[in-house]
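> Need a 3D model of the sequence below.
(2 chains)
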Amino acid sequence: MKCEQAREFISVAADGELSASENLELTAHLSQCADCATYRTLVGPLKRRVAGIGALDAGTAEAVLARVLGGVVPEGGIAGRAAPGAFRAQRLLYAAAAVVLLAAGVFAVMSAVAPTRSVAATVVRQHRMHAAGQVVLDTAATCCRDLEDWFEAKAGRPVDVPEITYPGTLVQGGKLYKHTANAEIYCAAFIINGKPVTLWVCSGPNMTLPEGQAFSNGKLSAVMARGEDYTLFAWQSGAEIDVLVTSFDEDLSKEIFASIK
Amino acid sequence: MIPGRCPRKREGPMPVGISEEKLKRDFSALVKAHQETLLAGAIQFTGNRADAEDLLQETLMRAYVGFRRSQEIEKPRAWLFKIMRNAYINRYYKNKRQPARVSYEEGLDHKIDEMFARSSEDPQKKFFSQFLDSEIEEALNSLPEQFRESVILCDISGLTYEEISSVLDCPLGTVRSRISRGREMLFHKLYDYAKDRGLLPKETKGSKG
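Numbering: from 1, shown residues only, chains lettered A, B, ... in the order given. I've put the predicted structure just below:
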């Protein structure tokens, strides 16, 4: 046995994963190799020292789980829930103000994209949208269906979200992602108030919408989804999509979007 | 199919006959046994507690969505860590600072001699206890990613080789090799710290080397 292999065996032995036959081989080598014998005495202490940096405050993980389960399926409906993916933003908000209404929380989460009183904030305010949460759609989630799945988890009930789009600009540019069913996901880049914003629109052979079509007025871009009692409104900032849910009023929606063109 | 929609990825959003409350309870019971090690791993993956909490949250959210689809999880710990690793890679790793790499071309034996051969009793334990947690973390972070994550999953999260193999999607032999080499690299890095901080034992008359 060469020393290189013996070092690996020593490491494996420290983890209790060495087989009996390998142990015999290692023992034979160690009886003849002082360097490896010394090395063997080091691996255990190193392993324990590395493990020691993983010590945690009790309750931290428990609190995260409680928040996730509280956010995943809120009791009494979806409105009024803070975004579970923005704990840090929430913590900042809580520290900054004694009372932060949910809508204010939404604006804070969105502030990196659109400052208060921006077009986006105006839409949210006028549309009486509520934060339902955040969903990451960078790779694992690649489709409006993922949004839908996420929304179902939030709502705790079956959701089928027929998409609607508003008359707007056909967005060019962006990046295409392949859907698992070979439809295409159009990821287009926008700028809102000088901040990068990304819009995800499903498209593909099964879609009635032209590829990449989305609402855009040069200031705000959005994909709207409608259910019986809500509107799903999503845009992306970085890798996170803020999902806002509101009581759906198509006429009001059109009016609002028309007003900001 | 509703016009304008992607095809369904699955049938039905809710498991039949299972209430949401029961799902939450079952999921909570499944996660609780592993949440601390998940968080410990997340801290080392991300390098700070704030990101680690976000990573853990994202992991649990994704896991819950999966759990709602199927409650038959054969290896829950490996399953959770795999979700966490994917989330980490997707979200954090691509933006993570790439630390200076450890040079491990130089032989290890003479460094071990320098570190321990002249020391008194129980030199190994004493030697490693001299380092701050931050130095151990920094040394860990200096490893190439595939070695770093293997050591984290093994030493900090306490996963078995089989579980690590499942999380990393690589053969057992690769896991063994990566952990072993990762530890050797750690020795090199800690030797450098010890040398810089004057922690190496002073040469004494009649000492080795």
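
> okay, CA-based contacts and neighbour counts for the rest of this
Fine.

> What is the burial count for residue A:5?
14 (other Cα atoms under 10 Å in any protein chain shown).

> Leaving aside the residues adjacent along the chain, what's closest to residue A:10?
residue A:40 (5.8 Å; Cα to Cα, 6 or more residues apart in numbering or on different chains).

> Mind telling me what element the one you found is part of?
helix A:34-52 (DSSP states H and E).

> counting contacts, what elements does that helix pack onto?
Using 3 or more Cα pairs under 8 Å, 6 or more residues apart in numbering or on different chains; DSSP states H and E, the elements in contact with helix A:34-52 are helix A:3-14, helix B:123-129.

> Only C-alpha atoms, please: export stretch B:44-58 in CSV.
The C-alpha trace of stretch B:44-58 is given here as CSV (Å, rounded to 0.1, in the frame of the first residue of the first chain):
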residue,chain,number,x,y,z
GLN,B,44,-20.7,26.8,6.4
PHE,B,45,-22.0,26.7,2.8
THR,B,46,-22.9,30.3,2.8
GLY,B,47,-20.3,31.7,5.2
ASN,B,48,-22.7,33.7,7.4
ARG,B,49,-25.8,33.2,9.5
ALA,B,50,-28.1,35.6,7.7
ASP,B,51,-27.6,33.9,4.4
ALA,B,52,-27.7,30.5,6.1
GLU,B,53,-31.1,31.2,7.6
ASP,B,54,-32.4,32.3,4.2
LEU,B,55,-30.9,29.2,2.6
LEU,B,56,-32.5,27.0,5.2
GLN,B,57,-35.8,28.7,4.7
GLU,B,58,-35.6,28.2,1.0
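
> Is there any residue in that stretch that contacts chain A?
Yes. Using Cα under 8 Å from any Cα of the partner chain, stretch B:44-58 comes into contact with chain A via B:44, B:50, B:53, B:54, B:56, B:57, B:58.

> Serialize those to a markdown table and add fields for pLDDT.
Listed next are the residues of stretch B:44-58 next to chain A as a markdown table, based on pLDDT from 0 to 100:
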| residue | pLDDT |
| --- | --- |
| B:44 | 83 |
| B:50 | 77 |
| B:53 | 83 |
| B:54 | 81 |
| B:56 | 87 |
| B:57 | 83 |
| B:58 | 80 |
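
> Which residue ranges make up the domains of chain B?
Here the domain parsing of chain B from automatic domain parsing is B:20-95, B:109-196.

> export the ones you listed to JSON lines and tack on mean neighbour count?
Shown next, in JSON lines, are these (neighbours: other Cα atoms under 10 Å in any protein chain shown):
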{"stretch": "domain B:20-95", "mean neighbour count": "19"}
{"stretch": "domain B:109-196", "mean neighbour count": "19"}
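
> For those domains, give me a markdown table that also has distance to residue A:11.
Formatted as a markdown table, the domains of chain B follow (distance: least, Cα to Cα, whole Å):
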| stretch | distance to residue A:11 |
| --- | --- |
| domain B:20-95 | 20 |
| domain B:109-196 | 5 |
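
> To residue A:44, which of these lies closest?
In terms of Cα to Cα, the element of those nearest to residue A:44 is domain B:109-196, at 9.1 Å.

> mean confidence for that closest one?
Domain B:109-196 carries an average pLDDT of 81.

> about what we covered before: for residue A:35, find the nearest of the domains of chain B.
With Cα to Cα as the criterion, residue A:35 lies closest to domain B:109-196 of the domains of chain B, at 6.4 Å.

> pLDDT below threshold where in the stretch 1-150 of chain A?
Within the stretch 1-150 of chain A, the segments meeting pLDDT under 70 span A:54-58, A:70-150.

> same thing but at 90, please
Scanning the stretch 1-150 of chain A for pLDDT under 90 picks out the ranges A:1-5, A:7, A:14-24, A:27, A:31, A:33-150.

> residue in it nearest to chain B?
Residue of the stretch 1-150 of chain A nearest chain B, by Cα to the nearest Cα: residue A:51 (4.6 Å).
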